[in-house]
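Peer 1: Sequence first, then the predicted structure, then my questions.
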Amino acid sequence: MLYDNHNRPVNYLRLAVTDRCNLRCFYCMPEEGIQYLPKQELMSYEEMLRIVRMMVGLGIDKLRITGGEPFIRRDMMDFLGEMSRLEGLQQIHITTNGVVTAPLVPELKRLGIRSVNLSLDTLDRRLFHEITRRDDFDKVIQTFEALLTHGITTKINAVMMEGKNDNDLVPLAMLTKDHPVGVRFIEEMPFNGGEAHYDQLWWSHRRILEVLQDQFPGLEKLPDPPSSTSYNYQIPGHRGTVGIIAAYSRTFCGTCNRIRLTPQGMLKTCLYDDGVFNIKNLLRAGASDDQLGAAVLEALGNRAKDGFEAEGRRLFGLRVSESMATIGG
Ligand code: SAM
Ligand code: SF4
C-alpha cells in the first residue's frame, strides 16, 4: 500500500489518455482556438502500459481512464484489453462523454470494466447543444441506454452552471426513480481553458443540497464509501442515488486517495497543482522502473495537504485556468 506524507493511502490512478475531444463543453474548453498537444508529446500506449504496470507494483489497484474523450483515441479498445489483463489491477473505470461509446458497450462489459461515468448536464437536446457546442444528445442517450441494458454500473456526472442548466437539477435527479444509476451534481471549477465564468460559485454544494431537499422531501443521507468525493443521498422510493461533489469547495481532500497522469505524462498529486514532474520525459531519458517508482514516491512524500495548498504552490499561473481536458477531471 502507498501512503503520502499526510498518511493518506493512495491506490487510485486517473489516467487521461488524450487531450483531444469531440465536444466543446462550456465549462471545460473554449469554443474555438484550442491548441492540442503535438502528437509526440502524448504518451504512447506502450509508455502508459509501462507506467501503469510500475504503479500497480507500488500499490495502485484502481484505474480510471479519462481524457479529453478517451474513445476518440485510436486503438483505445486494444489498450483497454491490455489494461484488463494487468495483474494486480483490480478495477478499471472509465469517464466518457458518450458520443461514440454506445457501440463499444458490449465489449466494455466483456472486458470487465467496473463502472462508467457518463457526462450529461441536461436532458434538453437544445440546451445540450448549447452547452457542448455539438448536436450529439441522441448518441449520449444511446450510450446511457446501452450501459443500463448491459448492466454496467453507471453514474451520470452533471456540472451545475448558473444560468444554463439550473432547471435540469430535478429532471436529472428523477433519472434515479426508475434507473439504478448514481446522478452526481458537480460544482463548476474554473478549469475551462480561459477566463473564469463567474465572480463566485453560484451552484455550491450547499445550494445543490438545499434544492434537492426542497424538491424531494425525506431525502435520505447515505453512508459515503471511504475516499468518496461525493456526498450521497437517496430519494425515497427511487432505485438510484444522487450525489453532490464539492469539487470547487474541496471538502474531500482529507481522504484523497488519487493521483493523476495528464496526456503528456505530468504526474499530479492534486487536481489543483500544476504537475509535480513529467514521468514520460523521465522514461524517455532512459530511467528504469525503479527510478520511475522512486520519483513517484518522492512526489507523494511532498504532497500538498489539500487543494488550497496545492493551488498556492503553483508555479505556472497562480490560479487554475487550464482546460479540464488536459487533466481528466
Ligand atoms: N470527456 C470525458 C467526459 O466528459 O466525460 C472525460 C473527460 S472530462 C474532463 C471528465 C469530467 O470532468 C466530466 O465529467 C466533466 O463534466 C468534468 N469537468 C470538466 N470541466 C469541468 C469543470 N470546469 N468543472 C467541473 N467539472 C468539470
Ligand atoms: Fe470534452 Fe469531457 Fe471536456 Fe466536455 S468535459 S469538452 S466532453 S473533455
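Peer 2: Yep, it's here. Numbers count the residues shown, from 1 in each chain. Ligands and ions are numbered 1, 2, ... in the order given.
Peer 1: So which residues on the stretch 1-150 of the chain come close to ligand 2?
Peer 2: Contact residues (C-beta under 6 Å from any ligand atom) of the stretch 1-150 of the chain with ligand 2: Cys21, Leu23, Arg24, Cys25, Cys28, Met29, Gly67, Gly68, Glu69, Asn97, Ser119. Backbone N, C-alpha and C define where each C-beta goes, glycine included.
Peer 1: Please enumerate the helices of this protein.
Peer 2: Using DSSP state H, the helices of the chain run over 45-58, 76-84, 105-110, 125-132, 137-149, 169-178, 205-215, 279-284, 289-300, 307-312.
Peer 1: For Gln234, which of these is the nearest?
Peer 2: Of all the helices of the chain, helix 169-178 sits nearest to Gln234, with 8.0 Å by C-beta to C-beta.
Peer 1: ok so, going back, of all the helices of the chain, which one is nearest Met161?
Peer 2: Closest approach to Met161 among the helices of the chain (C-beta to C-beta): helix 125-132, 7.3 Å.
Peer 1: could I get that closest one in PDB with only the CA atoms?
Peer 2: Below are the C-alpha coordinates for helix 125-132, written out as PDB (Å, rounded to 0.1, in the frame of the first residue of the first chain):
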ATOM      1  CA  ARG A 125     -31.500  18.400 -26.500                       C
ATOM      2  CA  ARG A 126     -31.300  22.200 -27.400                       C
ATOM      3  CA  LEU A 127     -29.500  23.000 -24.100                       C
ATOM      4  CA  PHE A 128     -27.200  20.100 -24.600                       C
ATOM      5  CA  HIS A 129     -26.200  21.600 -28.000                       C
ATOM      6  CA  GLU A 130     -25.700  25.000 -26.400                       C
ATOM      7  CA  ILE A 131     -23.500  23.600 -23.500                       C
ATOM      8  CA  THR A 132     -21.400  21.200 -25.500                       C
END
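Peer 1: Name the residues of that helix that are buried.
Peer 2: Under the neighbour-count criterion of 16 or more other C-beta atoms under 10 Å, helix 125-132 has Leu127, Phe128, Ile131, Thr132 buried.
Peer 1: Can you tell me which of the residues you listed is nearest Phe308?
Peer 2: Among the buried residues of helix 125-132, Ile131 lies closest to Phe308 (C-beta to C-beta), at 28.3 Å.
Peer 1: right, and that closest one touches Thr122 too?
Peer 2: Yes - counting by C-beta atoms under 8 Å, Thr122 is a contact partner of Ile131 at 6.4 Å.
Peer 1: thinking again about what came up before, may I see the residues of the stretch 1-150 of the chain next to ligand 2 arranged in CSV, with pLDDT and neighbour count as well?
Peer 2: As requested, those are exported to CSV (pLDDT from 0 to 100; neighbours: other C-beta atoms under 10 Å):
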residue, pLDDT, neighbour count
Cys21, 98, 23
Leu23, 98, 22
Arg24, 97, 17
Cys25, 97, 20
Cys28, 97, 25
Met29, 95, 24
Gly67, 96, 27
Gly68, 97, 28
Glu69, 98, 24
Asn97, 98, 27
Ser119, 98, 22
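Peer 1: check contacts around Leu15.
Peer 2: Contacts for Leu15 (C-beta atoms under 8 Å, 6 or more residues apart in numbering) come out as Met48, Val52, Leu63, Arg64, Ile65, Thr66, Arg260, Leu261, Gly328.
Peer 1: quick one: it from Met55, how far?
Peer 2: For Leu15, the distance to Met55 equals 9 Å [C-beta to C-beta, to the nearest Å].
Peer 1: how far away is Leu108 from ligand 1?
Peer 2: From Leu108 over to ligand 1 the distance is 14 Å, taken as C-beta to the nearest ligand atom, to the nearest Å.
Peer 1: What confidence value was assigned to Pro223?
Peer 2: Pro223 carries a pLDDT value of 97.
Peer 1: For the closest residue in space to Asn281 that isn't next to it in sequence, grab phi and psi.
Peer 2: Closest residue to Asn281 apart from its sequence neighbours, by C-beta to C-beta, 6 or more residues apart in numbering: Gly265 at 6.6 Å. Note on Gly265: backbone dihedrals following degrees, to the nearest 10 are phi 90, psi 20.
Peer 1: One more: the one 10 residues further on?
Peer 2: With angles defined as degrees, to the nearest 10, Gly275 sits at phi 100, psi 140.
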